[in-house]
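Q: Mind looking at a prediction? Sequence and model below.
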Amino acid sequence: MQKVELLSPAGNMKSLKMAIKCGCDAVYISGKDYGARKFADNFTMEEIEEATRYSHLYGVKLYVTINTLIEEDDIDLVLNYISNLYKFGVDALIVQDLGLISLIRHRFPNIQIHVSTGAHNCSNECLEFLDGLGVKRVVLARELSISEISKLDTTLELEVFIHGALCVSYSGQCLMSSYLFGRSGNKGECSQPCRFCYDIYEDDKIAVSNKYVLSMKDLCIGDNIKSLLDMGISSLKIEGRMKSCYYVGYVTKFYRMLIDKYYNNEELSFTEEEYNNLLVLYNRCFTKGFLNDNYDVVNPDTCNHRGILVGKVISCSNKIKILLDKDLSQGDGIRFSNGKGMICNYIYNENGLLINKGFSSNIIYLDNKINLNSKGFVYKTLDSNLHKEIENSEDRTILIDFEVVAKIGKELVISVYCGSDKITKSLGMVFRACKSSVSKKDIYDKLSKLGNTPFKINNIYFDVDDDIFIPIKNINNLRRELINDLICLRENRRPDVITTNEKIVSRENSITKEISFLVRNEEQLKFLIDKNVNIYVEDYFLYQKYKDNNIFYRNPRASFDYKNSSNTLITNNGGFKYYCDKSVSDIYMNVKNSLTLGLFSNYVYKVGLSPELNNEDIYKIICSYKKRFGFNPNVEVLIYGNLELMLMKYCPLNYFINNSNRCSMCFSKNFYLDDKHGHKFNFLRDEIHNMRIMSDKKIDKILDINYLKSIGVTNFRIDLLDEDDLSIQKILDRVNCSLQKIK
């Protein structure tokens, strides 16, 4: 049986070493650029090389994330970066951008590629498409349940998140940060607007006030891990490249314990103390998330680390009087109900004497250095003793075997074995002893002097004559040479560097000149049906009713069920394997460079460009495409409409208002999200009950049509929301007027 890989995060070298110390099988890191956690410490190139050597010494794999969308100007820089990573011997790249994946596979044919969860990997069809790109592993969408994962049929390795922070939107499908602050999550710059406080309005009446309605709890699947292990998942992934080394170390140790118990046929249990340690290290409350088909996934009361309840404030003046429910030690960090926090530098007992620790049921006093003036609960958010325990965890050792051949009249030969590694060396003759002989114990003692190396002797196999003499310095010298060579061999293990100049190809499609409207209801469709435009419709029943006209079915963006349609607006990668080439790729499929544009053009006749692109970006992409492939692309650009800022499996209306798993209240009533800073976002459900959050302002680039046409854009898209016939006609008139001016 192939054992599952435990994959740990590292935002810096200290976290990497802690993860390895605590038992991970692989670790994932990022360089200073192209990682989805841009604000983590991350690694310089020198540190990546050091991290690779260190990981390989311990037999741990090292993966580097390039899990952002690559802009046109960065393509050559990314290739140079990957070339260096390749030479360092990193074990795999975790990549989001599908066009970059295609280029990597052509330029560096034996680099392993893992597809990031940001590529929206959620169905068998998606996996089939990615398999065709030559990837090794796919990181599954965090919205998949265990039941859904079990139905995936692929030879690709599958990786599943098991612990840590969750995004409320499908990864790679969130434009909220980009829209509000110009910081794109697809560039690793997310400002986390999902962690803000919001109100929910029903028409003009507040239905939910001042709650963290989008702030997800943290994932913790200790109770569910057996289901994933039974399923044969290849890798279990811990989130946390921006977390402390103590978090990384303990969470790694926790899941290492459970995984080892599984393979030893032991009960997969953990103690209350072990669970509480997870809570105090970091939690926003824990959830088993969608893995367990659980929709109780948000924490409406706080977006911060909650810690663990340790007591309550009885009174406060110059000292804070606390009745403890759990132990509290000097150096621990605490937070009070009002959100204020502090480190417990000094703890006093009821006699006013300093103590190192207060025990459960004790009353203690703390200096009121934060001017606390209210009662409430006390939460421990930092456990100083737990930090020391993690820091002092036993160092990870590497078991080695020695083989000693000592035959009188022949050279002394010693071999060292470490897994599949073997090194053999010989030095000096073996003599018959004249006085005192060298025993096997003498040899064992000398070979055991491994100093500060990570190695530990498992066995020594002897093939020695009786009554022998060997100069002790020869044994010591051989041991040092063997260990040094073994370290060098393991640290420098890397694949052969194979590069090619093979070019990627793209299909030349006919250049069309189409205006397309995305409609939301039958009234909008009927008004447009005779207006010489394409119509994208989300309702499959409407598509069937009007499909003999120029109607395209827009399949749901997180679809597992691909309904039959001859004309399709494809919204996820799986659609490329299911639908015919009389299709269009949606603007939300993250086409942000000529590479992805070229890849998608092989499957559809028209490619929608990302709404995150500005006009200059579009110009660069089209110019680069023509230079790279030798002909013009057939692209479509959104020129009017509301953006879909988030795509969520979780529905705030169900959770806060309806308290059920499925409802239709959002169809009959008007709800919107208010950030209390002037933005009011409409909710819009799709046909499979995923919820979208819509931008409060419309994109309006109709006046840019002249410029866009001049740089090679010939297809224009309008997304309707609640527009009536008169509003639609005005939009159409403005578009036609702009097009006529060009002529």
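A: All right, it came through fine.

Q: buried stuff in stretch 622-639?
A: Ile622, Ser624, Tyr625, Arg628, Phe629, Pro633, Asn634, Val635, Glu636, Val637, Leu638, Ile639 (16 or more other C-beta atoms under 10 Å). Quick note: C-beta positions are derived from backbone N, CA and C, even for glycine.

Q: Span of it from start to end?
A: End-to-end span of stretch 622-639 (C-alpha to C-alpha, to the nearest Å): 17 Å.

Q: repeat for stretch 551-563
A: 15 Å.

Q: And stretch 707-721, by the same measure?
A: Terminal residues of stretch 707-721 are spaced 26 Å apart (C-alpha to C-alpha).

Q: Which ones among the buried residues of stretch 622-639 lie within strands?
A: Using DSSP state E, the members of these that fall within strands are Val635, Glu636, Val637, Leu638, Ile639.

Q: For Val251, state which of those residues is nearest.
A: Within these, proximity to Val251 (C-beta to C-beta) peaks at Leu638, which comes in at 41.2 Å.

Q: dump the residue contacts of the closest one.
A: Residues counted as contacts of Leu638 (C-beta atoms under 8 Å, 6 or more residues apart in numbering) are Ile587, Gly608, Pro611, Ile699, Lys701, Arg717, Ile718, Asp719.

Q: Could you export the residues you listed as JSON lines, including neighbour count and secondary structure?
A: Below are the contacts of Leu638 laid out as JSON lines (neighbours: other C-beta atoms under 10 Å; DSSP: H, G, I helix; E, B strand; the rest coil):
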{"residue": "Ile587", "neighbour count": "25", "secondary structure": "coil"}
{"residue": "Gly608", "neighbour count": "25", "secondary structure": "strand"}
{"residue": "Pro611", "neighbour count": "21", "secondary structure": "coil"}
{"residue": "Ile699", "neighbour count": "16", "secondary structure": "strand"}
{"residue": "Lys701", "neighbour count": "18", "secondary structure": "coil"}
{"residue": "Arg717", "neighbour count": "25", "secondary structure": "strand"}
{"residue": "Ile718", "neighbour count": "25", "secondary structure": "strand"}
{"residue": "Asp719", "neighbour count": "23", "secondary structure": "strand"}
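
Q: Is it possible to get the buried residues of stretch 622-639 out as TSV so that each row also shows distance to Lys211 and pLDDT?
A: Formatted as TSV, the buried residues of stretch 622-639 follow (distance: C-beta to C-beta, whole Å; pLDDT from 0 to 100):
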residue	distance to Lys211	pLDDT
Ile622	44	98
Ser624	45	97
Tyr625	46	98
Arg628	49	96
Phe629	50	96
Pro633	45	98
Asn634	45	98
Val635	41	98
Glu636	38	98
Val637	37	98
Leu638	32	98
Ile639	36	98
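
Q: Looking at these, spot the one nearest Glu143.
A: Nearest to Glu143 among these, counting by C-beta to C-beta, is Leu638 at 25.1 Å.

Q: just to revisit the earlier point, nearest to Leu268 among the buried residues of stretch 622-639?
A: Closest to Leu268, out of all of the buried residues of stretch 622-639 and judged by C-beta to C-beta, is Leu638, at 48.9 Å.

Q: partners of that closest one in the sheet?
A: Applying DSSP bridges to Leu638 gives these bridge partners: Arg717.

Q: Equivalent analysis for the one 10 residues further on, please.
A: Residues found in beta-bridge contact with Met648 (criterion: DSSP bridges) are Met691.

Q: which residues touch it?
A: Each residue near Met648 by C-beta under 8 Å, 6+ apart is listed here: Val168, Ser169, Tyr170, Asn690, Met691, Arg692, Ile693.

Q: If you rank those residues by neighbours, which is first?
A: When neighbours are counted by other C-beta atoms under 10 Å, Ile693 leads the contacts of Met648 with 27 neighbours.

Q: The nearest residue to it once chain neighbours are set aside and Thr397, how far apart?
A: Closest residue to Ile693 apart from its sequence neighbours, by C-beta to C-beta, 6 or more residues apart in numbering: Met646 at 4.2 Å. Applying C-beta to C-beta, to the nearest Å, the value for Met646 to Thr397 is 47 Å.

Q: More neighbours: these two, which one.
A: Using other C-beta under 10 Å, the more surrounded residue of Met646 and Thr397 is Met646, with 25 against 14.

Q: Output whatever helix or strand that one lives in as CSV, restricted to C-alpha atoms.
A: Met646 is part of strand 644-648, with elements assigned from DSSP states H and E. Extracted in CSV, the C-alpha atoms of strand 644-648 (Å, rounded to 0.1, in the frame of the first residue of the first chain):
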residue,chain,number,x,y,z
GLU,A,644,-19.4,38.2,-10.0
LEU,A,645,-17.0,38.9,-7.2
MET,A,646,-17.4,35.7,-5.2
LEU,A,647,-18.7,32.2,-6.0
MET,A,648,-19.6,30.3,-2.8
